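Novice: Take a look and give me a structure for this.
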Amino acid sequence: MPSLSRLELQHFRSYPQASLQVEARRVIVIGANGAGKSNLLEAVELLGSLRSHRTASNGDLIQSDQTDGWIHGWIGTDGLEHIGLHLRQRGGRQGLRNQHPLSRQLDLLGAFRCVCFSSLDLALVRGEPVLRRQWLDRVVLQLEPAYGDLLSRYGRLLRQRSSLLRRRGASPHHLTVLLDAYDQQMAHLGARLHRRRQRALLRLDPLARSWQKRLSGGQEILSLLYHPGTDLTPGPAPDQGNRTLLVWQEALQQQLAHQRAAELHLGSCRVGPQRDEVVLQLNGQAARRYGSAGQQRCMVLALKMAEADLVAQVSGEEPVLLLDDVLAELDPDRQLLLLEAIGQQQQCLLSTTHLDRFIGAWHRDAQCISVCRGEDGSMLSPF
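Specialist: Numbers count the residues shown, from 1 in each chain. Have a look, this model is predicted:
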């Protein structure tokens, strides 16, 4: 299965230059806060998903006194497959495969897959609906790389239609003709987004439920509910192919027409996938208003592990797990349950400030890497 065998960084975040030879399925990255542990895991995340959970700006990823940065990875047990990202302050990113530039960085998707957890992901429970939509979209994108094009097309249409709704001075007839055309296209794409999101969440729900039960010692039940931004009921089940799409497309187009007067008044779109909500419930109650910080962290872990399981089921390949300070705020029992569950089937890179939480096989079998911050930036060394 694809896994990371070597990583090289140049002018990336706090690393002027770094090289890591991965020698074990379990890698523990040890260092003080601010040393650069998260930056190392972020580089792997970028190679596997082309996304960072910390920033959308290339400028944040490149050292402040540099115009370019590089991330190179070698994957597979023999380490012969090369993938890379050239980060530029101007001009975006350039993907590389086996040292050759790619015309689209999207062509890197699928070379290897990864699932990342950090403390920032706690916003999945506590934060606004857009964060849960983005998480679900990232899951679907790992399963269907072409989903990215669908999202981009819908987002572009949504921006254009919203601009049209705010246009003043246009003739009513001309505006009606344009909005009718936009509604038809948005209904066509929106129904496809709804279907893919619901289909993914239906598969994630039992997996997340199983993980929450496992990590809580059988004490907690986690439920994932899809609340679409379009009234899609009644209608056929989401697995009934084209019939579902046609029914949902018609429903979305009708609701766009029905809401048009209100949307013209507000200047924004009130119906569609951009208003979807993923509802998390713990023991039947809204998760964002329930439970301790440790319980909420456990819920996010259950979501991430469910994501990893689903990616493995669909792709046939275990994703690399990237766990950034994952044990913080978990009680000792949950820490032990988590460590027993991970790093067996899949490769796992985990950061921590202390090794005392790792006992038995985890410490014995793991490759331990130390990260320290010097005058010139972060440095890696065997621990």
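Novice: can you pull the buried residues of stretch 152-168?
Specialist: Of the residues in stretch 152-168, 153-154, 157-158, 161-162, 164-165 count as buried by neighbour count, 16 or more other C-beta atoms under 10 Å. For glycine as for every other residue, the C-beta is placed from the backbone atoms N, C-alpha and C.
Novice: just the helices in the stretch 1-150 of the chain please.
Specialist: 37-49, 58-61, 123-126, 129-143, 147-165 (DSSP state H, counting those that start in this stretch).
Novice: Now distance to residue 307 and mean pLDDT too, for those, in JSON lines please.
Specialist: JSON lines is the format used below for these (distance: least, C-beta to C-beta, whole Å; pLDDT from 0 to 100):
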{"stretch": "helix 37-49", "distance to residue 307": "11", "mean pLDDT": "94"}
{"stretch": "helix 58-61", "distance to residue 307": "23", "mean pLDDT": "90"}
{"stretch": "helix 123-126", "distance to residue 307": "11", "mean pLDDT": "90"}
{"stretch": "helix 129-143", "distance to residue 307": "5", "mean pLDDT": "93"}
{"stretch": "helix 147-165", "distance to residue 307": "14", "mean pLDDT": "93"}
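Novice: closest one to residue 200 among those?
Specialist: Closest approach to residue 200 among the helices of the stretch 1-150 of the chain (C-beta to C-beta): helix 129-143, 5.0 Å.
Novice: for the one helix or strand residue 201 maps to, packing partners?
Specialist: Per DSSP states H and E, residue 201 falls inside helix 172-215. Judged by 3 or more C-beta pairs under 8 Å, 6 or more residues apart in numbering; DSSP states H and E, helix 172-215 is in contact with helix 129-143, helix 147-165, strand 222-227, helix 241-258, helix 293-315, helix 332-341.
Novice: hey, which of the helices of the stretch 1-150 of the chain is tucked in deepest?
Specialist: Comparing the helices of the stretch 1-150 of the chain by mean neighbour count (mean count of other C-beta atoms under 10 Å), helix 37-49 ranks first with a mean of 24.
Novice: picking up where we left off before, can I get the helices and strands packed on helix 172-215 in JSON lines including distance to residue 200?
Specialist: Output for the helices and strands packed on helix 172-215, formatted as JSON lines (distance: least, C-beta to C-beta, whole Å):
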{"stretch": "helix 129-143", "distance to residue 200": "5"}
{"stretch": "helix 147-165", "distance to residue 200": "9"}
{"stretch": "strand 222-227", "distance to residue 200": "9"}
{"stretch": "helix 241-258", "distance to residue 200": "15"}
{"stretch": "helix 293-315", "distance to residue 200": "7"}
{"stretch": "helix 332-341", "distance to residue 200": "22"}
